[in-house]
Each structure stands twice: as C-alpha cells, then as structure tokens.
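Undergrad: Any chance you could fold what I've pasted below:
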Amino acid sequence: MKAKTPRDLALKMLNGKSHRFDFSGNYIDEVFLRNPHLDNRDRAFIIHLFYGVLRWRLRLDWIIEQASHFSIKKITPSVLNILRLALYQIFFLDRVPESAAVNEAVKQAGRNSARHVVSFVNGILRTICREKNKIAFPNRDEDLARYLSVFYSYPVWMIEKWIMEFGAEFAEGLLSAGNRIPELNIRVNMLKVSRTELIKRLEYEDITGGPAHYSPEGILLEGFSGRVDELASFRQGLFQVQDQAAQITSHLLRPEPGETLLDICAGLGGKTTHMADLMGDRGQVLALDINPGRLISLVENAGRLSIGSIIPLVADASKSLSSLFRLRFDRILVDAPCSGLGVISRHPDGKWNRNESDITRLALLQKAILSQASTILRSGGRMLYVTCTISREENEGVVNSFLDSNGDISLENIKDHVPEWGLELIDEHGFFRTFPHIHNMDGFFAALFTKIK
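TA: Okay, here's the model as predicted:
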C-alpha cells in the first residue's frame, strides 16, 4: 500500500476533526504513529498545514465563496477541506508553488469524488490563482467587526466582545497575535540542572536556546521544529514544555518546602510539577482533576522529572471538597477551566469551538470551584485563581462575585508577593495579566486570595 503524503495526512486530520468532539493533539500523535515513514520535515509540514487551515479558515472560506458565487454550505466538508488546504498554501506558504498546491488538490479530489467535482476543484483554484490580488474584503469603515472577522479569521462575536472590553486598536493587536505561530518555551527542572547548564546541554543536541525574558526557569527554543520528546535532555527529565505565562503563575503562589498544596484542575501537571520543583520536592502536592487520563499522564510526567511529592486524585472540584478532605491546605492553585481565549495561537480551533454562552457557563463553574476550594484553605492560607483567557467575565467578574459571597476571603495585591522581575506584569488592581501582542506570551490572568484569620 502506497504511503500517504503529508498533504493527504493533513486532509485526513482536518476531515477527522469534524467527527471528533474531543479532538486534541493526541489525535495528531496517533496519525504520526500510524505513519512511521514520516520524517521531522514531513511532520512539521503536516502540522503547519493543519493548524494553518484552522487559523485562517474563515478567510479561506470567504475567498472560496467569492470565487464560487454560492454558499460554501453547498460544498461537502471533505471537498471544502481540500480547497482550504490548497488556498492556505497559495496565500500563506511562499515556498510552495501555486501549481503544486493546485495539482495536489486536484489529485486529492480525484481519489474520492466524481469527475464534475474534480473539475470544480481545478476550476475554482485556477480562477483564484489568476485573481488572487483582487480579493475584496468587507468595508472596514462601514462594518469594522465584519472586516476584522474576515481579514483575521475570527468569529464576529469574539471581535465585538474584545472591541467592547479593550477598544478597537487593542482588539486588532490581539487578533494578529493570535494568528502567529507560537514560540516554543520550556521550563528547566531545577531539581536536576540549572538553566545555564541546560542551555549548554541543548547545544550538544544542536538546539539553540536562550533565557526567557521573565521566568527564571524559562528557556526559549529558537527555530526548533522537531519532536521535543525525542531529545535526550527531555527523556532525562531535565525540562518540561511550558509557556512562560504558565511558568510565572507558580511563582505568584510562592510555595515553600514542607507545605501541603492542592492543585485543582491539575490537567497534565505543568504547574503541579513546577510547584513541586519550587518546593524542592519537599512537602505534598495533591493534584486533583476530574479526568483520570490526564492524571495518568501527570504521574508519568512526574516520574520522568523524578518528582516524588505529587499525589493524584480524581474528583469533581465543583462538588463538596470539604467532605473529601479533612486536612486544610497551606496553598491552593485553582487552574480554572476557561474559554482559552488567551491561548488561541496554540489552539486555533478554540475560535470555532467556543461561543459567547460558553463564557457565562464557565464563569458559573469557576465561581463554584473557587467557593469549594475556599472551604479547605487553612486560616491565613493563600489561594491563586488562574485562567488562560482574557475574558473579563471569567476574570474580574468571577473574582468580584466570589469575594461578594465569601466574607472570610480577602484579595491580595500580587505586587506585594511577586519577584521583582514580574512587577510589570501586575496591573493597577493587583492582578497578574499578560496579553500575547504586548508580552509575547500566552494571555493569562491571576488573582491571589488569603483566608482571613
């Protein structure tokens, strides 16, 4: 059987995504495992195509509709994905000749479609190639949100929300940053190696890395396009992949050796293992998550990093935590489930998987989790609320509502607790806040609470 080409596998992934509600990066790994003939260059090309189409889907569909003069709803999803793939290469990949993009799309259509469909794909792509400098977008002056929606490829509701909350110029900066291919940041495992030593070790593996701008454990990998898990330094547990904004949040809680911590909604454990690292692996870090699969990955990751202080626990954090725990925690991290609007560059499908009602629903869930967590925080203990979104309803809105309902909780100004290198990331209200287009990292928010003695 002939091995599938990178373009065919990218198409397969796009088609598969529409049938998988739980689609994640794991599916990409599955595709790569089933196709061992792929080298690193092929894998990088597939990921580039796949995420590129997700990022620019709305603009690509706009171009298709202009050229076809009828709604894309009349085009079958598989054929539509063939057109999207080809157009992404034509408009966004300078090194791919237009003729190659068109010819490969025609071949893909010919394998599973009738002759008239093949002719349609060929005709529309060649028309677009001839007229690609004549593409017209909505009038910016008449309908700014509509223009930004098509030009930057975001849903209108999201743009209108950001314009209302931040202003048009700020919102456009967010849109542009969300379409950038994200940089790869890693976090040094200080239990095993220093940052300087790891940078030198990476040089032996032909990897160039430099210190992150803020996080003292962060390293930015420059121009890396391979598989991180194939690096010897990764297998030896010398680092963890983690964006700089996520690294900084663990410093805001300032865990101390010997303390008992709870990480709520721990997920795959990036922050869990970081807090254990900051504690010198002395004390206890309970990692709670509703998904046992994530906790299995967390335990495996902790083992790779040689961390022994983490205890996994499967539970629903929105339910009665006081009946689950008899002890009271010194510090609690609430890594809240959120809309993810601050990490769109890493998860471009978040543009299309979310709607405005999700934000209201998630805000209610976040408040419920915070209220449950506060019942098991010791007197004088600290609790950090973290999201990877820029939605005010999920950030300040949740904080204010939580404070109104919990008189034994006070809000701390994080400026009084953050190391000097992080002071500029704290706003005038004492919240930690980062924006992709300003700080060149994921968009995060954090608020620090203390239980009143």
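
Undergrad: pretty sure Gly430 contacts Val418?
TA: No - contact criterion C-beta atoms under 8 Å: Gly430 and Val418 do not qualify, at 9.9 Å. Every C-beta, even on glycine, is put in place using the N, C-alpha and C of the backbone.

Undergrad: Which positions within the longest helix belonging to the chain qualify as buried?
TA: Across the chain, the longest stretch assigned as helix under DSSP state H is helix 40-68. By neighbour count with 16 or more other C-beta atoms under 10 Å, helix 40-68 contains the buried residues 42-43, 45-64, 67-68.

Undergrad: How about stretch 75-85?
TA: Ile75, Ser78, Val79, Leu80, Asn81, Ile82, Leu83, Arg84, Leu85.

Undergrad: Turn those into JSON lines, columns for secondary structure.
TA: Below are the buried residues of stretch 75-85 laid out as JSON lines (DSSP: H, G, I helix; E, B strand; the rest coil):
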{"residue": "Ile75", "secondary structure": "coil"}
{"residue": "Ser78", "secondary structure": "helix"}
{"residue": "Val79", "secondary structure": "helix"}
{"residue": "Leu80", "secondary structure": "helix"}
{"residue": "Asn81", "secondary structure": "helix"}
{"residue": "Ile82", "secondary structure": "helix"}
{"residue": "Leu83", "secondary structure": "helix"}
{"residue": "Arg84", "secondary structure": "helix"}
{"residue": "Leu85", "secondary structure": "helix"}
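
Undergrad: quick check, nearest of those residues to Arg254?
TA: Arg84 (46.6 Å; C-beta to C-beta).

Undergrad: Tell me which residues touch the closest one, please.
TA: Arg84 makes contact with Leu14, Val53, Arg57, Leu60, Asp61, Ile64, according to C-beta atoms under 8 Å, 6 or more residues apart in numbering.

Undergrad: what pLDDT does the residue nearest to Pro312 when sequence neighbours are not counted get?
TA: Excluding its sequence neighbours, the residue lying closest to Pro312 (C-beta to C-beta, 6 or more residues apart in numbering) is Leu295, at 4.2 Å. For Leu295, the pLDDT comes out at 97.

Undergrad: which residues touch Leu295?
TA: So Leu295 contacts Ala266, Ala287, Asp289, Pro312, Leu313, Val314 (C-beta under 8 Å, 6+ apart).

Undergrad: Other residues contacting the host helix or strand of Lys107?
TA: Using DSSP states H and E, Lys107 sits within helix 98-112. Contacts with helix 98-112, where a contact means C-beta under 8 Å, 6+ apart, come from 5, 7-8, 11, 78-79, 82-83, 85-87, 89-90, 93, 117-118, 121-122, 125-126, 129.

Undergrad: and if you look at stretch 388-397?
TA: Contacts of stretch 388-397 (C-beta under 8 Å, 6+ apart): 161-162, 165, 174, 245-246, 336, 338-343, 359-360, 362-363, 366, 387, 429, 431, 433, 435, 442-445, 447.

Undergrad: Which entries within those meet the buried criterion?
TA: Members of the contacts of stretch 388-397 classed as buried by 16+ other C-beta under 10 Å are 161-162, 174, 245-246, 336, 338-343, 359, 362-363, 366, 387, 431, 433, 435, 442-445, 447.

Undergrad: right, and Phe234 touches Val228 too?
TA: Yes - the pair Phe234 / Val228 is scored as a contact, 5.4 Å apart, by C-beta under 8 Å.

Undergrad: Could you tell me how many residues sit around the nearest residue to Glu356 once chain neighbours are set aside?
TA: Computed as C-beta to C-beta, 6+ apart, the closest residue to Glu356 that is not its neighbour in sequence is Trp157, at 5.0 Å. As a burial measure, Trp157 scores 15 neighbours (other C-beta atoms under 10 Å).

Undergrad: so how far is Gln284 from Leu341?
TA: 33 Å (C-beta to C-beta, to the nearest Å).

Undergrad: what packs against the longest helix of the chain?
TA: If you count contacts as 3 or more C-beta pairs under 8 Å, 6 or more residues apart in numbering; DSSP states H and E, helix 40-68 packs onto helix 6-17, helix 25-33, helix 77-92, helix 115-131, helix 144-152, helix 350-353.

Undergrad: So which other helices or strands are in contact with the lowest-mean-pLDDT helix or strand in the chain?
TA: Every helix and strand in the chain was compared by mean pLDDT, DSSP states H and E; the lowest is helix 25-33, with a mean of 77. Judged by 3+ C-beta pairs under 8 Å, 6+ apart, helix 25-33 is in contact with helix 6-17, helix 40-68.

Undergrad: closest one to Val31 among those?
TA: That would be helix 6-17 among those, by C-beta to C-beta, at 5.9 Å.

Undergrad: Pull out the buried residues from that closest one.
TA: Quick answer for helix 6-17 (16+ other C-beta under 10 Å): Pro6, Arg7, Asp8, Leu9, Ala10, Leu11, Lys12, Met13, Leu14, Lys17.

Undergrad: angle of it against helix 40-68?
TA: Orientation of helix 6-17 against helix 40-68 (axes from the mean of the first three to the mean of the last three C-alpha atoms, to 10 degrees) gives an angle of 70 degrees.

Undergrad: Give me the distance from helix 6-17 to the chain's centre.
TA: How far helix 6-17 lies from its chain's middle: 21 Å, per C-alpha atoms, centre = their mean, to the nearest Å.

Undergrad: Touching it from outside, list them.
TA: With C-beta under 8 Å, 6+ apart as the criterion, helix 6-17 contacts 4, 23, 27-28, 31, 35, 38, 42, 45-46, 49-50, 53, 77-78, 81-82, 84-85, 104, 108, 349.

Undergrad: mind giving me the domain ranges of this protein?
TA: Structural domains annotated on the chain: 6-134, 184-241, 245-451, as defined by automatic domain parsing.

Undergrad: mind putting these in a markdown table, distance to Leu144 included?
TA: Below are the domains of the chain laid out as a markdown table (distance: least, C-beta to C-beta, whole Å):
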| stretch | distance to Leu144 |
| --- | --- |
| domain 6-134 | 16 |
| domain 184-241 | 33 |
| domain 245-451 | 18 |
